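J.: How does the following fold in three dimensions:
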Amino acid sequence: MNVLLGKRINSRPAHAALMFAMFGLLLTGCQGRSARPPADIQGVVRLNGQPLEQASVHFTSPRTGESAYANVEPGGTYRIPFPEVDIGEVYEVAVRKPVAEVEYATDAPKSQPKTTRIPDKYANRRTSGLSFKIESGGPQTYDIELNGS
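T.: Residues are numbered from 1 along each chain as shown. Take a look at the predicted model:
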């Protein structure tokens, strides 16, 4: 026998409806905003002061191992949208050769652009010396300066 606000519920359908409603309220309370907001990191990559156009930028969380990358665009610009980030987390950064785009057999061959040699230390996030702290969700800027030949 169940009691709700001093009244007895004698029917099984009413009891089932009450349980379903309580379960729904419980789930609604658990669906708050994510503690991990999205972020959009963008900037310019320069090698010895000149925009680097043949590269990819990789951000990795040393805590979770989550990673995202983008190929650098003309003018050395890059943009990496993250669906979720950890606020206050310092992401390790690496700059490598561009990630090859998928090509189809029917595509016309692309001319090979002049490649720039990126110093080896920047290819590994642990040796690059590059890092970026995520201060908040939303748009953020991180310009990357590389040195060497």
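
J.: In terms of helices and strands, where is I80?
T.: Assigned by DSSP states H and E, I80 falls within strand 77-82.

J.: Burial check on P62, number of neighbours?
T.: Here the count is done by other Cβ atoms under 10 Å, and P62 has 13 residues near it. In this view, the C-beta of every residue, glycine as well, is placed from N, C-alpha and C.

J.: now do Q140
T.: Q140, neighbours per other Cβ under 10 Å, totals 18.

J.: OK, contacts around it?
T.: Going by Cβ atoms under 8 Å, 6 or more residues apart in numbering, Q140 touches 39-42, 132, 134.

J.: who does it bridge with?
T.: I41 (DSSP bridges).

J.: The chain should start at 29 in everything you say after this.
T.: That works, and once the first residue is 29, the last one we named lands at Q168.

J.: Assumed R153 was part of a helix.
T.: No - according to DSSP: H, G, I helix; E, B strand; the rest coil, R153 belongs to no helix; its state is coil.

J.: how much space between it and E94?
T.: Going from R153 to E94 by Cβ to Cβ, to the nearest Å gives 12 Å.

J.: so what's in contact with those two at the same time?
T.: Shared contacts of R153 and E94, counting by Cβ under 8 Å, 6+ apart, come down to T88.

J.: Closest one of the contacts of Q168 to I172?
T.: Nearest to I172 among the contacts of Q168: F160, at 8.9 Å, using Cβ to Cβ.

J.: Pairing partners for that closest one in the sheet, please.
T.: Assigned bridge partners for F160, using DSSP bridges, are Y119.

J.: Not counting its own residues, what contacts the strand holding I108?
T.: 66-73, 79, 85, 87, 96-101.

J.: So which residues of this protein form helices?
T.: 40-57 (DSSP state H).

J.: quick one, what contacts F87?
T.: Here F87 is in contact with 69, 95-97, 108, 110, 119-121, 160 (Cβ under 8 Å, 6+ apart).

J.: Mark which of those are buried, thanks.
T.: Those of these that meet the buried threshold are 69, 96-97, 108, 110, 119-121, 160, by 16 or more other Cβ atoms under 10 Å.
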